[in-house]
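Q: Curious how this folds, go ahead:
(2 chains)
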Amino acid sequence: MSLSVSLQHQFAGLTLDVAFDAPPGVTVLFGKSGTGKTTIINAVAGLLKPQGGRISLDDRVLVDTAQGIWQPPHKRRIGYIFQEDRLFPHLTVQQNLTYGQRFAPKGAPRDALDQVVDLLGIAPLLSRRPNLLSGGEKSRVAIGRAVLSAPDLILADEPLAALDAARKAEIMTYFERLRDEMSTPILYVSHSVAEVARLATTVVAIENGSVARCGPAADTFADPAFLPLGAREAGALLEARVITHHDDGLSELEAGGVPLFLPHVPQAPGRSLRVRIAAQDVTLALDAPTRISALNVLSGRIDTIHAGAGPGAIVSVLTPAGPVLARVTARSVKALDLRPGLPVHAIVKTVSIAPEDVGG
Amino acid sequence: MSDWLGPQEWMAVQLSLRVAFWATLVTLPPGLFIAHVLARHDFPGKQILNGIVHLPLILPPVVTGYVLLLTFGTRGPVGGFLQEFGIVFAFRWTGAVLAAGIMAFPLMVRAIRLSIEAVDPRLEQAASTLGASRLWVFLTVTLPLILPGVIAGAILAFAKAMGEFGATITFVSNIPGQTQTLPSAIYAFLQVPGGEDAALRLVAVSVVVAMGALILSEVLARRVQKRVGGA
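A: Now for the predicted structure:
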């Protein structure tokens, strides 16, 4: 199942004109607040009639303004996880979860209630009412309710925005599980780099109502020119595998044959992880460093250098572990005579990698 | 109670209860519909519809009764048409139901409309994305959430219908045993010498019924609110 979107919509202060495809997996609509991301997914869900455009799910046309086609939301079979939980206060958790099932077509492949309840860890809550749940519990029930309506597509509009950091980490884990264990494609709206880095299969970056960039997540983040939220938020993604956990609180991972030391991660040895290395946490050295405290040294060659508007530059380094971005000053670029093709060592402090930068 | 009340008084009480019951029951579905339309939809002429619904509240009841007589009387355009099918309102207890229902309608619509407006439309949107058509959204989300308001509106309408006087007496007159409701009976008793005792007994009944309805609505609304989860 794959979603294809092309939209034109004009409203106060913003002209939206976007076109993108969302293949299976998690497609993250990424960009600052107020760039029209929510408008896009509301149009996909049918909660907003676009002035122009075409939206289709495989062969099923949801909207085609040229042909006058517009399917009402209840016929679209799209599960929507809203920014707020929007649980029905008069129904129990179980009744909320099964609400969409009665409207799903008879032959629709449906995930068993038990399976979803287990996945989300909400079995003890089934007989409760939403007003007795915590924020994180409500979010999980809202996710389950959307998943159990047997949708062809799941939409999520910043589902973590209202949660505190601990809850965020918890719910993000559930989204990772959904991505890995369910076949339904997910269109996920976010303005958080950490969320995108951990969840996205495909990134669609939205800027001022149009698509600035669209492509596989790792490629997109490895591009030093891709700075949707400014250079401070730049960073590449490494695919790594957990090797072992050490007694001193460090976890040893491996990416492309290179060892990576991280603060303890909860995943078991053998699991694959995605690690986001923030560009400003990377130091570049021309000689192999000795006697330094940083534990991770990734050797490679400079691919490109992207000079910014300010005093900084983003250098992309190809290493056996994958491409890494380093944010350095233009002065250092000049002093070290950094240029494409030059061998360098990218130094990453273990403690600079935060838990939210690491995910399954 | 029939020993304590004279036969004419007893008939008036029974008739009023029956009229109020049917007036409430019959106005409830259109009341829900109009309240929903006014609360959730925008369309040209909305203010006109709103005005028409509220007209009986503002007009002198006698005027409403007279308009009903002109329209639904046996020689009126609607009344004459319905008579062909054996349906007669004028000077029948069914006419009292019609008059009471129309007078109670704006009160019911107001109460229900306010409760619909208090329901978060985002919940209704969520239900529609889960596959519920408009009707299902109303039946499974909106209606349960507004039930306290619907009960309040129904009780208000019932009380109004019990007390309706002006439109009723103009439209269906004041025939003992047929169209003499409780307020009409009190009025009639007060017109004859020595009728004060009977009038006073009916006043007592009115107070008891009104208080009973009020307490019932409180209890029901509280019970429903609890079931709805105090949202």
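Q: So which residues on the stretch 251-360 of chain A come close to chain B?
A: Contact residues, the stretch 251-360 of chain A versus chain B (Cβ under 8 Å from any Cβ of the partner chain): none. Yep, even glycine has a C-beta here, placed from its N, CA and C like the rest.
Q: As a check, name the ranges of all strands in the stretch 251-360 of chain A.
A: Listed in chain order, the strands of the stretch 251-360 of chain A (DSSP state E, counting those that start in this stretch) span A:258-263, A:272-278, A:282-285, A:296-307, A:312-319, A:322-329, A:343-348, A:358-359.
Q: Could you dump those into a markdown table and include mean pLDDT?
A: Formatted as a markdown table, the strands of the stretch 251-360 of chain A follow (pLDDT from 0 to 100):
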| stretch | mean pLDDT |
| --- | --- |
| strand A:258-263 | 93 |
| strand A:272-278 | 90 |
| strand A:282-285 | 94 |
| strand A:296-307 | 93 |
| strand A:312-319 | 92 |
| strand A:322-329 | 92 |
| strand A:343-348 | 95 |
| strand A:358-359 | 82 |
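Q: Would you reformat those as JSON lines and include mean neighbour count?
A: Below are the strands of the stretch 251-360 of chain A laid out as JSON lines (neighbours: other Cβ atoms under 10 Å in any protein chain shown):
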{"stretch": "strand A:258-263", "mean neighbour count": "19"}
{"stretch": "strand A:272-278", "mean neighbour count": "21"}
{"stretch": "strand A:282-285", "mean neighbour count": "20"}
{"stretch": "strand A:296-307", "mean neighbour count": "18"}
{"stretch": "strand A:312-319", "mean neighbour count": "22"}
{"stretch": "strand A:322-329", "mean neighbour count": "23"}
{"stretch": "strand A:343-348", "mean neighbour count": "19"}
{"stretch": "strand A:358-359", "mean neighbour count": "22"}
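Q: what's the closest of these to A:L120?
A: strand A:358-359 (17.2 Å; Cβ to Cβ).
Q: helices or strands up against that closest one?
A: Counting contacts by 3 or more Cβ pairs under 8 Å, 6 or more residues apart in numbering or on different chains; DSSP states H and E, strand A:358-359 is packed against helix A:165-181, helix A:193-199, strand A:272-278.
Q: So for A:D223, which of the strands of the stretch 251-360 of chain A sits nearest?
A: When the strands of the stretch 251-360 of chain A are ranked by proximity to A:D223 (Cβ to Cβ), strand A:312-319 comes first, at 7.5 Å.
Q: between the closest one and strand A:258-263, how many degrees?
A: Using axes from the mean of the first three to the mean of the last three Cα atoms, to 10 degrees, the direction of strand A:312-319 lies 130 degrees away from that of strand A:258-263.
Q: Strand partners (parallel or antiparallel) of strand A:312-319?
A: With DSSP bridges as the test, strand A:312-319 is paired with strand A:296-307 (antiparallel), strand A:322-329 (antiparallel).
Q: what is the orientation angle of the last one with strand A:272-278?
A: Computed by the same axes, to 10 degrees, the angle separating strand A:322-329 from strand A:272-278 equals 20 degrees.
Q: got the CA coordinates for strand A:322-329 in CSV?
A: Extracted C-alpha coordinates of strand A:322-329, given in CSV (Å, rounded to 0.1, in the frame of the first residue of the first chain):
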residue,chain,number,x,y,z
GLY,A,322,28.2,5.3,7.1
PRO,A,323,28.2,9.0,6.3
VAL,A,324,28.8,11.3,9.3
LEU,A,325,28.2,15.0,9.4
ALA,A,326,30.5,17.4,11.3
ARG,A,327,29.7,21.0,12.1
VAL,A,328,33.0,23.0,12.2
THR,A,329,33.9,26.6,11.7
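Q: to the chain's geometric centre, what's the distance from that strand?
A: Centroid displacement of strand A:322-329 relative to its chain, using Cα atoms, centre = their mean, to the nearest Å, is 21 Å.
Q: Kindly report the same for the first one.
A: In terms of Cα atoms, centre = their mean, the centre of strand A:296-307 is found 24 Å from the chain centre.
Q: hmm, who's touching it?
A: The contact list for strand A:296-307 (Cβ atoms under 8 Å, 6 or more residues apart in numbering or on different chains) reads A:224-225, A:258-261, A:288-289, A:313-321, A:323-324, A:330, A:333, A:338-350.
Q: can you list the residues of chain B near chain A?
A: Chain B has residues B:120, B:122-123, B:125-134, B:136-137, B:140-141, B:144-145, B:227-231 near chain A, with proximity defined as Cβ under 8 Å from any Cβ.
Q: Buried ones only from these, please, as a PyMOL command.
A: Restricted to buried positions by 16 or more other Cβ atoms under 10 Å in any protein chain shown, the PyMOL selection for those reads:
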select buried, chain B and resi 123+125+126+127+128+129+130+131+132+136+137+140+141+144+145+228+229+231
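Q: related to what we said a few turns ago, would you convert the helices and strands packed on strand A:358-359 into a markdown table that also reports distance to A:H9?
A: Formatted as a markdown table, the helices and strands packed on strand A:358-359 follow (distance: least, Cβ to Cβ, whole Å):
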| stretch | distance to A:H9 |
| --- | --- |
| helix A:165-181 | 27 |
| helix A:193-199 | 24 |
| strand A:272-278 | 32 |
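Q: any idea which of those is most buried?
A: Comparing these by mean neighbour count (mean count of other Cβ atoms under 10 Å in any protein chain shown), helix A:193-199 ranks first with a mean of 24.
Q: Mind checking what helix or strand follows that helix in sequence?
A: strand A:202-207 (DSSP states H and E).
Q: Each with direction, which strands does that next one pair with?
A: Strand A:202-207 has these strand partners (DSSP bridges): strand A:26-30 (parallel), strand A:210-216 (antiparallel).
Q: mean pLDDT for these: which is lowest?
A: Mean pLDDT is lowest for strand A:210-216 among the strands paired with strand A:202-207, at a mean of 89.
Q: quick revisit: relative to A:V282, which of the strands paired with strand A:312-319 is closest?
A: Comparing the strands paired with strand A:312-319 under Cβ to Cβ, the one sitting nearest is strand A:322-329, at 3.8 Å.
Q: which residues touch the closest one?
A: Here strand A:322-329 makes contact (Cβ under 8 Å, 6+ apart) with A:218, A:221-222, A:224, A:231-232, A:234-239, A:255-256, A:277, A:279-280, A:282-284, A:298, A:300, A:303, A:311-317, A:338, A:346, A:348.
Q: Tell me the confidence at B:F158?
A: Reading off the model, B:F158 has pLDDT 94.
Q: Against B:L25, how distant is it?
A: 9 Å (Cβ to Cβ, to the nearest Å).
Q: where's B:T168, which helix or strand?
A: Here B:T168 is assigned to helix B:166-172, by DSSP H and E.
Q: could you point out which element follows that helix?
A: helix B:182-191.
Q: sec struct for the closest residue to A:Q267 other than its chain neighbours, please.
A: In space, and not counting its chain neighbours, A:Q267 is closest to A:V242: 5.2 Å by Cβ to Cβ, 6 or more residues apart in numbering or on different chains. Secondary structure assignment for A:V242 (DSSP: H, G, I helix; E, B strand; the rest coil): strand.
Q: A:V242 contacts A:L253, doesn't it?
A: Yes. Here A:V242 reaches A:L253: they are 5.5 Å apart, a contact under Cβ atoms under 8 Å.
Q: Settle it for me: which of the two has more neighbours?
A: A:L253 (27 against 21; other Cβ atoms under 10 Å in any protein chain shown).
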